[in-house]
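J.: sequence plus predicted model, see below.
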Amino acid sequence: MIRWGDRLKDEGFLKNKRAIEIMNIIDRRDFLPKNVESYADIDEPLDISYGQTQSAPHMNGIFLEISNITEDDDVLEIGTGTGYLTALIASLARSVLSIEIIKDLAVSAKYNIKKYNLKNVEIVNANINRMCLKNKFSLIISAASFSYKPLFLYEKLKENGRMVYPLGIYIPQSLMIYKDGKERRVGTVAFVNIIY
């Protein structure tokens, strides 16, 4: 197992000490389908079926670094996938509600999360655009790209909340962060498009 936290620190992707520790502990291999397990130590996105991918470890590191997750954060994650990023976030935050539209992925993610005995995670099989979310969140992270600015999600942020998401249908897309009432582009990314 590669200690991704140390590697991404050395490569300049990660500075957050807690995120480095967590990425050293949680094994990417535990969140991959059997047919791609052997590629777990390669820093590339991997096919997880259903037209979806698990992001490359450096991308997960970027999410953790720019999100600056704390133990006080209640996080909404859009696009659970296999649950790898979900587990990383849950190890840093107070709570995580993760939404996955593909039922089989939601089921397998729940199984994968159990390997780490994380009790602060709820994974829901649903369409984020049709959900009635009663709670607000201090952080929203999307692992799927929006074709337009997701204004409906801004309404789900607590005061001083922040959001990280890819924007754009076609690759390259823009990685956006909303923080302190302002939005800015922080880089170029390539994500699957959100499914409604």
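T.: Cool, got the structure.

J.: ok, longest strand in the protein?
T.: Longest strand in the chain, counting residues (DSSP state E): strand 157-167.

J.: identify the residues contacting that strand?
T.: Residues outside strand 157-167 that contact it (Cβ atoms under 8 Å, 6 or more residues apart in numbering) are 63, 66-67, 74, 78, 136-142, 144-146, 148-150, 153-154, 173-180, 189, 191. All C-beta spots, glycine's among them, are computed from the backbone N, C-alpha and C.

J.: show me which helix or strand of the protein is least confident by mean pLDDT.
T.: For the chain, using mean pLDDT, DSSP states H and E, the weakest element among its helices and strands is helix 151-154, scoring a mean of 91.

J.: who does that one touch, helix- and strand-wise?
T.: Packed against helix 151-154, as judged by 3 or more Cβ pairs under 8 Å, 6 or more residues apart in numbering; DSSP states H and E, are the following elements: strand 157-167.

J.: output the strand it packs on in CSV with nothing but the alpha carbons.
T.: Coordinates of each C-alpha in strand 157-167 appear next as CSV, following Å, rounded to 0.1, in the frame of the first residue of the first chain:
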residue,chain,number,x,y,z
LEU,A,157,-24.9,26.2,2.9
LYS,A,158,-24.7,27.4,6.4
GLU,A,159,-23.6,30.9,7.1
ASN,A,160,-19.9,31.1,6.1
GLY,A,161,-20.3,27.8,4.4
ARG,A,162,-18.1,26.7,1.5
MET,A,163,-18.4,24.6,-1.6
VAL,A,164,-16.0,22.8,-4.0
TYR,A,165,-17.2,21.5,-7.4
PRO,A,166,-16.2,21.0,-11.0
LEU,A,167,-17.9,23.2,-13.6
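
J.: now the element after it, going C-ward?
T.: strand 173-179 (DSSP states H and E).

J.: thinking again about what came up before, show me what counts as buried in the longest strand of the chain.
T.: Within strand 157-167, the residues that count as buried by 16 or more other Cβ atoms under 10 Å are 157, 161-167.

J.: what about the helices in this structure?
T.: Here the chain has its helices, by DSSP state H, at 4-10, 17-25, 57-67, 84-90, 103-114, 151-154.

J.: dump those helices into a markdown table; add distance to residue 195 and mean neighbour count as well.
T.: Shown next, in a markdown table, are these (distance: least, Cβ to Cβ, whole Å; neighbours: other Cβ atoms under 10 Å):
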| stretch | distance to residue 195 | mean neighbour count |
| --- | --- | --- |
| helix 4-10 | 28 | 20 |
| helix 17-25 | 27 | 19 |
| helix 57-67 | 19 | 22 |
| helix 84-90 | 17 | 26 |
| helix 103-114 | 11 | 17 |
| helix 151-154 | 16 | 13 |
